[in-house]
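[1] Generate a structure from the sequence data that follows.
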Amino acid sequence: MRFRGVLAGVLALGVTTGCSSSIGEESSKDPFTLPVGTTRWDADAPSWFHDGTLHVGDRTVELGDKVERFALGATGVYWMRGETLMFTSVEGRTQKVEKVVWDNMATSADHSVFATVDQSRGPKDEFGTRAIQVAAFDTRTGEQLYRTPDEKPDEDDDLADLYEETMPLLAGVSNERLFFDDTTIDLSDGSVSRSDEVGDETVIYDGYTETLFHDGYPIGVKGEGRHREVDKAPEFANGRLSPDRSTLFQVDVTPADAVVYDAKTGRGRAIDAPWDHFTLSGWSDKDTFFGVAQQTVSPTDGTVRASQAVTCELRTLACKPVSPVIPENEEASALVMEGDSTSPL
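    Sure thing, here's the model as predicted:
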């Protein structure tokens, strides 16, 4: 299966389920509705999942063991159990949403819009494979904001073969735009614009680099040592720019050095984290970011021995822990942050 490169660096939104032929109900099946809860929480607070429990700021909800990815909404958390999308409210009530098949979902920076790829009810080709659709919802009300129109595949289309070659990928969502399968979709009116292509492997989504996501603005960075600068012709968006556009993070290396870079001068500054490696997860506000501090075996061996969720002040780069130290080994449950997957690609 080939996933086309995207300037926005959507590898972090990777799909973890194999291609599937869904030959169940007909495409006349009504689209699922998105459940919402009755209580809102601070979805911008540092969130982390470990050993069956999701922590969101000072709140906790029990999700159980089989959580493969999670995304916070305004009134609860949407998460994947195998091929099934689940929802757990702030109060801790869990329900099945739909068997969407694909582990490919995202939320807007303020967590008010949720989007997911869905193969539960789209039109079928002549071989019985359903078309993959994308749907976006308001997480405060459950209102559907957009869904791919039901258009029957062409008579000679073999969707399973097509998806094996080039998988339609959800690249992200904002309050205004949905980025899916080489198109930018305007959520206000459903209009669609095709993306520009650079070579055979890179897609430039209209409006993507101007969109603030939960981990910042996607951007290309280049450089080495303690110097990084904006790459104006990147192959991938391997960096993130802080909400105030002052600071660069490199996000294509794991574990990455616990260093940020001045967006104007390119000079590096060390993050005052527990260890020398750090992975950015998101922003609580324009002045505060959070992520995972990582301890490695040695300076020359990048194998991660332990992780800890931390929150950090952008101005001083001082960090404080929000989780205990969690060992990384086969016997222990992993520390999972929003957007991370617990299943191997």
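[2] low-confidence ranges in the stretch 201-345 of the chain?
    Within the stretch 201-345 of the chain, the segments meeting pLDDT under 70 span 201-203, 331-332, 342-345.
[3] switch the cut-off to 50
    Within the stretch 201-345 of the chain, the stretches with pLDDT under 50 are 344-345.
[4] would you list every one of the strands in it?
    Here the stretch 201-345 of the chain has its strands, by DSSP state E, counting those that start in this stretch, at 202-204, 217-219, 221-222, 229-230, 239-241, 247-250, 259-262, 268-270, 277-285, 288-298, 301-313, 319-321, 326-327, 336-337.
[5] Tell me the strands beside the last one, with direction?
    It stands for strand 336-337. Paired neighbours of strand 336-337 in the sheet (DSSP bridges): strand 47-50 (antiparallel).
[6] right, and the helix or strand after the partner strand?
    Next helix or strand after strand 47-50 toward the C-terminus (DSSP states H and E): strand 53-56.
[7] For that next one, buried residues please.
    Buried residues in strand 53-56, counted by 16 or more other C-beta atoms under 10 Å: L54, H55, V56. The C-beta positions use only the backbone N, C-alpha and C, and glycine is treated the same way.
[8] what element comes up after that strand heading to the C-terminus?
    Strand 53-56 is succeeded, C-terminally, by strand 59-62 (DSSP H and E).
[9] which one of the strands of the stretch 201-345 of the chain lies closest to V101?
    Closest approach to V101 among these is made by strand 336-337 (21.1 Å; C-beta to C-beta).
[10] what sits up against that closest one?
    For strand 336-337, the surrounding residues in contact (C-beta atoms under 8 Å, 6 or more residues apart in numbering) are 47-50, 67, 70, 279, 281-282, 291-292, 309, 342.
[11] measure stretch 256-266 end to end?
    End-to-end distance of stretch 256-266 (C-alpha to C-alpha, to the nearest Å): 17 Å.
[12] Assign Y163 to helix, strand or coil.
    helix (DSSP: H, G, I helix; E, B strand; the rest coil).
[13] Distance of it relative to V101?
    11 Å (C-beta to C-beta, to the nearest Å).
[14] Neighbour count for these two, which is higher?
    Using other C-beta atoms under 10 Å, the more surrounded residue of Y163 and V101 is V101, with 23 against 19.
[15] Give me the three-state assignment for the more buried one.
    Per three-state DSSP, the secondary structure class of V101 is coil.
[16] ok, it touching E83?
    Yes. The criterion here is C-beta atoms under 8 Å, and V101 meets it with E83 at 4.8 Å.
[17] sorry, back to before: dump the contacts of strand 336-337 into JSON lines; add neighbour count and distance to A109 as well.
    Supplementary listing: those in JSON lines, determined by neighbours: other C-beta atoms under 10 Å; distance: C-beta to C-beta, whole Å:
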{"residue": "S47", "neighbour count": "27", "distance to A109": "14"}
{"residue": "W48", "neighbour count": "25", "distance to A109": "18"}
{"residue": "F49", "neighbour count": "26", "distance to A109": "20"}
{"residue": "H50", "neighbour count": "17", "distance to A109": "24"}
{"residue": "V67", "neighbour count": "20", "distance to A109": "22"}
{"residue": "F70", "neighbour count": "26", "distance to A109": "16"}
{"residue": "T279", "neighbour count": "20", "distance to A109": "18"}
{"residue": "S281", "neighbour count": "22", "distance to A109": "13"}
{"residue": "G282", "neighbour count": "25", "distance to A109": "9"}
{"residue": "G291", "neighbour count": "26", "distance to A109": "16"}
{"residue": "V292", "neighbour count": "24", "distance to A109": "19"}
{"residue": "A309", "neighbour count": "24", "distance to A109": "19"}
{"residue": "T342", "neighbour count": "17", "distance to A109": "24"}
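[18] and which of those residues is nearest to D189?
    Proximity of the contacts of strand 336-337 to D189 (C-beta to C-beta) peaks at G282, which lies at 29.1 Å.
[19] now that closest one, nearest residue through space, not along the chain?
    H214 (4.5 Å; C-beta to C-beta, 6 or more residues apart in numbering).
[20] What is the neighbour count of that neighbour?
    For H214, the neighbour count with other C-beta under 10 Å is 20.
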